[in-house]
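Trainee: coords below, sequence missing:
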């Protein structure tokens, strides 16, 4: 079986990734099942940094609430969304995810991605869309504050991920600036003086690559097995909430990726198959992750051999 839109596993750009893969088997976790019933499982239960792959959980919490009557057109003050954006941690200055999310909505913002007019209104659904389309980090935090922790935990459990490591994205970014402190999300959203202190830190000397890597290893962790189970639920569940989530994830393929320093991951479903991949290391080729997922589903035996997995 060949997954729709897939590229040959041995062709570019995936030949370079397969070569890297063969020499870094311990740095990769994969769980995949294609539409023909073939399955690949390699280090499925090893905890690794999840990055933005975890955003599928607040997505399902949101779509569950909408299916239950929450109005997706509910107006949201942009300043309340901005409150969860700690000025940094989501991309280059002037081109970060939150900056791109606001710009796409026609909302002027400064170089740190903070709206110049915080009184502007956007529909709640636009925030959920930004969480997936540009992987805005403030979006899942706003949705969590709006829906409540219990809604996220319930969505995680419904999707087969009852032990999901659910953290505030804002708090994780702040921990890179204030190592050793507890989660500072609540303080950041409520204390203008602390927000100014954070902005001063962001404007200061960047943290070193070593400190950044140490921080990455302490961010939210999860396994490929749990990520796979959740994406399989999103792809197959016959519920209004799952159908809404599928629409947000792009239809075909269904995809959500994530990245941090020396870390990549994604979940993808198409044509009856699902794949979840988490990998960490250095010098891995920069390949399009959706295409990689399709290539894996198109040729599980080839990737199994690269990983040293016996059928």
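Mentor: Received the coordinates, thanks. In this text, all values refer to a predicted model and were calculated from it rather than measured experimentally.
Trainee: middle-most residue in the protein, spatially?
Mentor: In the chain, the centroid-proximal residue (Cα atoms, centre = their mean) is residue 52; its distance is 2.0 Å.
Trainee: any idea how far it is from residue 21?
Mentor: Residue 52 sits 22 Å away from residue 21, going by Cβ to Cβ, to the nearest Å. All C-beta spots, glycine's among them, are computed from the backbone N, C-alpha and C.
Trainee: quick check: the residue nearest to the centre of the chain touching residue 255?
Mentor: No - the criterion here is Cβ atoms under 8 Å, and residue 52 misses it with residue 255 at 11.6 Å.
Trainee: and the nearest residue to the residue nearest to the centre of the chain once chain neighbours are set aside, what element?
Mentor: Distances taken as Cβ to Cβ, 6 or more residues apart in numbering put residue 258 closest to residue 52, at 3.3 Å, once the chain neighbours are dropped. Under the criterion of DSSP states H and E, residue 258 resides in strand 254-260.
Trainee: strand partners of the helix or strand that that strand is followed by, parallel vs antiparallel please.
Mentor: Following strand 254-260 in sequence order, the next helix or strand is strand 263-270 (DSSP H and E). Its sheet considered, strand 263-270 pairs with strand 254-260 (antiparallel), strand 273-280 (antiparallel) by DSSP bridges.
Trainee: in CSV, list the ones you listed along with mean neighbour count and distance to residue 183.
Mentor: Below are the strands paired with strand 263-270 laid out as CSV (neighbours: other Cβ atoms under 10 Å; distance: least, Cβ to Cβ, whole Å):
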stretch, mean neighbour count, distance to residue 183
strand 254-260, 21, 18
strand 273-280, 26, 23
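Trainee: now tabulate those in TSV and tack on mean pLDDT and distance to residue 303.
Mentor: Shown next, in TSV, are these (pLDDT from 0 to 100; distance: least, Cβ to Cβ, whole Å):
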stretch	mean pLDDT	distance to residue 303
strand 254-260	97	18
strand 273-280	97	9
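Trainee: indicate which one of those strands is closest to residue 96.
Mentor: For those, proximity to residue 96 was assessed by Cβ to Cβ; strand 254-260 is nearest, at 13.4 Å.
Trainee: just how off-centre is the closest one within its chain?
Mentor: Here the centre of strand 254-260 is set off from its chain's centre by 5 Å, with Cα atoms, centre = their mean, to the nearest Å.
Trainee: mind checking the pLDDT average for stretch 173-188?
Mentor: For stretch 173-188, the mean pLDDT works out to 96.
Trainee: what's the answer for stretch 202-220, then?
Mentor: 94.
Trainee: what distance do you get for the residue nearest to residue 253 when sequence neighbours are not counted to residue 249?
Mentor: Distances taken as Cβ to Cβ, 6+ apart put residue 270 closest to residue 253, at 3.8 Å, once the chain neighbours are dropped. Remark: distance between residue 270 and residue 249 (Cβ to Cβ) = 11 Å.
Trainee: of these two, who's got more company?
Mentor: residue 270 (25 against 22; other Cβ atoms under 10 Å).
Trainee: surely that one meets residue 250?
Mentor: No - the pair residue 270 / residue 250 is not scored as a contact, 9.9 Å apart, by Cβ under 8 Å.
Trainee: where does pLDDT dip in the stretch 1-150 of the chain?
Mentor: With pLDDT under 70 as the threshold, the stretch 1-150 of the chain has low-confidence stretches at 1-13.
Trainee: could you show me where the strands are in it, in order?
Mentor: 28-33, 39-42, 48-49, 75-77, 121-123 (DSSP state E, counting those that start in this stretch).
Trainee: tell me what the longest one is packed against?
Mentor: In terms of contacts (3 or more Cβ pairs under 8 Å, 6 or more residues apart in numbering; DSSP states H and E), strand 28-33 is packed against strand 39-42, helix 224-236, strand 273-280, helix 289-298, helix 300-307.
Trainee: many thanks, have a good one.
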